[in-house]
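Participant: predicted coordinates and the sequence they were generated for:
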Amino acid sequence: SPAGGFTPADLKRLDDERKARQAAYKAEAETRKVEAAAAEKLRKAAEKADAERKRKEEEAERKAAVLAAQEEKVRVAQEEKARKAEAAVVAASAAAAAAEEDTRRREAAARDRIADARRQQEDIMRRQREGAAARATSF
């Protein structure tokens, strides 16, 4: 047997195994590198998608807040209109009541004047009758 107990065929086989192992390590390292790059790409894409989602949510919230503020403005304006309309109704009915009261006072005053005029007329007629009766008895 040769020195060290290895035949040239043994040495070639060992060398081939060593080369195969190196190739396997190299392929594994390359695979890890490709996987790491893919993972990084995925991570960046997920971050971008997350940022976009957050941006859209914030925009939707902002739009909702603007819409809510506009609705509140409209509601307050409508309430104010309703209050003014109510005040106008109250004022109009108070004016109508005052006008009715004024009309009642004028009618009452007119009735009083008519009654006074009738009494005066009756007094005059009575005095005329009494005067006529007195003249008739004096003859």
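Facilitator: Here it is on my side, so go on.
Participant: give me the number of residues near Ala23?
Facilitator: 10 (other C-beta atoms under 10 Å). Yep, even glycine has a C-beta here, placed from its N, CA and C like the rest.
Participant: tell me which helix or strand Glu71 sits in.
Facilitator: helix 8-138 (DSSP states H and E).
Participant: off-centre distance for that helix?
Facilitator: Distance, stretch centre to chain centre, for helix 8-138: 4 Å (C-alpha atoms, centre = their mean, to the nearest Å).
Participant: now it: mean pLDDT?
Facilitator: In this model, helix 8-138 carries a mean pLDDT of 95.
Participant: what is it packed up against?
Facilitator: Where contact means 3 or more C-beta pairs under 8 Å, 6 or more residues apart in numbering; DSSP states H and E, helix 8-138 is not packed against any helix or strand.
Participant: how far away is the spatially most central residue of the chain from Lys63?
Facilitator: Central residue of the chain (C-alpha atoms, centre = their mean): Glu71, 3.1 Å from the mean position. To Lys63, Glu71 is 12 Å away according to C-beta to C-beta, to the nearest Å.
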